[in-house]
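Visitor: Let me see the structure of the following:
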Amino acid sequence: MPGGRLTQQERQQIALGLADELAYAEIARRLDRPTSTITREVMRNGGPTAYRADLAHRATERRTHRRREAAPRGPEAPPQAHGRDAEAVREYEETFTAVFMQTGLPKMTSRVLVSLYTTDAGSLTASELVQRLQVSPASVSKAITFLESQGLIRRERDERRRERYVVDDDVWYQGMIASARSHAQLVETARQGVSVLGPDTPAAARLENIARFVDFVGESIIRAAEQAREVLYTKAETTPRGPAEPPSPGSNQVSSQQVRPT
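Guide: Next up, the predicted model:
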């Protein structure tokens, strides 16, 4: 599989593939590239409907030039935690951002969310986000406001009374629950239309089908999220009872330890 940056010819092939409405995976297969490479390339250069090979190529050259000018040199370069490859981390964050953008999140909101997910602490202050992303405080504030409204992050104060924005397993669960419940308004409004348009009309039947579908899916998501939270995030507590002894013949004993969920 070829490595390195995309060539201008490859970008032209991507543009042709998008024009033919090919999936990212199919374009990647034809170029012998990872699907994530194609996804990142398209999403950071206008998306599938606005992608242009020549503009994408020039934009990439400009970004590369800016990074070289801004990058610390020699011993001043900040070390990566746990011996991580800085370039690999940067590429991964761009891919992760592109995936969030595909779900409909704005670019800056996606970048903030990725920064929170990929930091070991799982939390950052507004000033840390500004420094990390090299953007204005207003841009970070707008993204934070949106993410909070969707239940995707929460805020707390640290020992220095600074506000920190946090992502963890429970925040992801709460975000999914909030998203599923937000569909309740659509269900209610669709069913209001049934009475307005007349229950025996084709339009009312269509609205009732929408309401039933969204209602069913929303309830299923809530049940699945609750079950996943219980199964995946409930830690088992093991109570030791001394050295293990082999069970006596005919005994129903299976273990000298009992494990029970918290």
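Visitor: which secondary element of this protein has the worst mean pLDDT?
Guide: strand 258-261 (a mean of 39; mean pLDDT, DSSP states H and E).
Visitor: what about the strands in the stretch 101-250 of the chain?
Guide: Per DSSP state E, counting those that start in this stretch, the stretch 101-250 of the chain carries strands over the ranges 123-125, 154-157, 163-166, 236-239.
Visitor: And those: which comes nearest residue 144?
Guide: Minimum separation from residue 144 across the strands of the stretch 101-250 of the chain (C-beta to C-beta) falls at strand 163-166, 5.9 Å. Any C-beta I mention is one placed from the backbone N, CA and C, and that applies to glycine too.
Visitor: Which secondary structure elements does the helix ranked longest in the chain sit against?
Guide: The longest helix of the chain (DSSP state H) is helix 202-233. Other helices and strands packing on helix 202-233, by 3 or more C-beta pairs under 8 Å, 6 or more residues apart in numbering; DSSP states H and E, are helix 169-182, helix 184-197.
Visitor: could the strands of the stretch 101-250 of the chain go into TSV alongside distance to residue 205 and mean pLDDT?
Guide: TSV is the format used below for the strands of the stretch 101-250 of the chain (distance: least, C-beta to C-beta, whole Å; pLDDT from 0 to 100):
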stretch	distance to residue 205	mean pLDDT
strand 123-125	49	93
strand 154-157	42	88
strand 163-166	45	92
strand 236-239	49	46
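Visitor: Nearest to residue 54, out of these?
Guide: strand 123-125 (36.6 Å).
Visitor: what's next to that closest one, contact-wise?
Guide: If you take C-beta atoms under 8 Å, 6 or more residues apart in numbering as the criterion, strand 123-125 is touched by 115, 116, 132, 156, 162, 163, 164, 165, 166, 167.
Visitor: hmm, which two among those residues are most spread apart?
Guide: Those two in the contacts of strand 123-125 that are separated most widely, counting by C-beta to C-beta, are 132 and 156, at 18.8 Å.
Visitor: and these two? which has more neighbours close in?
Guide: The residue with more neighbours, out of residue 132 and residue 156, is residue 132; 16 against 10, by other C-beta atoms under 10 Å.
Visitor: What's the local residue count around the closest residue in space to that one that isn't next to it in sequence?
Guide: Once flanking residues are discounted, residue 132 sits nearest to residue 115: 5.5 Å by C-beta to C-beta, 6 or more residues apart in numbering. Neighbour count of residue 115, defined by other C-beta under 10 Å: 21.
Visitor: Next up, the contacts around residue 115.
Guide: 93, 124, 129, 132, 133.
Visitor: Please tell me how far the first one sits from residue 148.
Guide: Residue 93 sits 21 Å away from residue 148, taking C-beta to C-beta, to the nearest Å as the criterion.
Visitor: ok, now the last one?
Guide: Using C-beta to C-beta, one obtains 17 Å as the distance from residue 133 to residue 148.
Visitor: Who has more neighbours out of these two?
Guide: Neighbour count, other C-beta under 10 Å: between residue 133 and residue 148, residue 133 has more, with 17 against 13.
Visitor: That one touches residue 140, doesn't it?
Guide: Yes: using C-beta atoms under 8 Å, residue 133 is in contact with residue 140, at 7.1 Å.
Visitor: For these two, list the residues in contact with both.
Guide: By C-beta under 8 Å, 6+ apart, the residues touching both residue 133 and residue 140 are 108, 112.
Visitor: care to break this structure down by domain?
Guide: 1-67, 88-167, 171-236 (automatic domain parsing).
Visitor: First-to-last residue distance for the longest one?
Guide: By C-alpha to C-alpha, to the nearest Å, the extent of domain 88-167 from end to end equals 22 Å.
Visitor: quick thing: my sequence starts at 136, can you match it?
Guide: Done: numbering now begins at 136, and the last item shifts to domain 223-302.
Visitor: for that domain, the distance to its chain's centre please.
Guide: 11 Å (C-alpha atoms, centre = their mean, to the nearest Å).
Visitor: And the strands of the stretch 236-385 of the chain: which comes nearest residue 337?
Guide: Among the strands of the stretch 236-385 of the chain, strand 289-292 sits nearest to residue 337 (C-beta to C-beta), with 44.8 Å.
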